[in-house]
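dropping the sequence and predicted coords here.
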Amino acid sequence: MKKELLSNISKIHTTELGIERIKKNLDIDVENVVEYCINLIKKENSQIKCKGKNYYIQIDNIELTINKTSYTIITAHKKK
């Protein structure tokens, strides 16, 4: 799964609403949210699972959800 996602890393994007949702959910204030998420995905300790139509990426206490077909970052959450 990780190789497949990394080979399509340039396709990863999100919407304006997605940017705001990710910033709010992760409590971050970064200029480029997509780049921030891509850097998380590239981390050595990231774990990627595929379930249904989405990729679920776990990195430390963060989970990203990315659509498997469009490579749209849907949301991100901090794990408790």
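Looks like it came in fine. Not measured: the values here are computed from a predicted model.

please name the nearest non-neighbouring residue to the residue positioned nearest the centre of the chain.
The residue lying closest to the centre of the chain (C-alpha atoms, centre = their mean) is Leu64, at 3.9 Å. Of all residues not flanking Leu64 in the chain, Ile57 sits nearest, at 4.3 Å (C-beta to C-beta, 6 or more residues apart in numbering). Backbone N, C-alpha and C define where each C-beta goes, glycine included.

which element is the one you found on?
According to DSSP states H and E, Ile57 maps onto strand 54-59.

packing partners for that strand?
When contacts are defined as 3 or more C-beta pairs under 8 Å, 6 or more residues apart in numbering; DSSP states H and E, strand 54-59 sits against helix 33-42, strand 47-51, strand 62-67.

quick one, that strand and strand 62-67 angle?
If you take axes from the mean of the first three to the mean of the last three C-alpha atoms, to 10 degrees, strand 54-59 sits at 160 degrees to strand 62-67.
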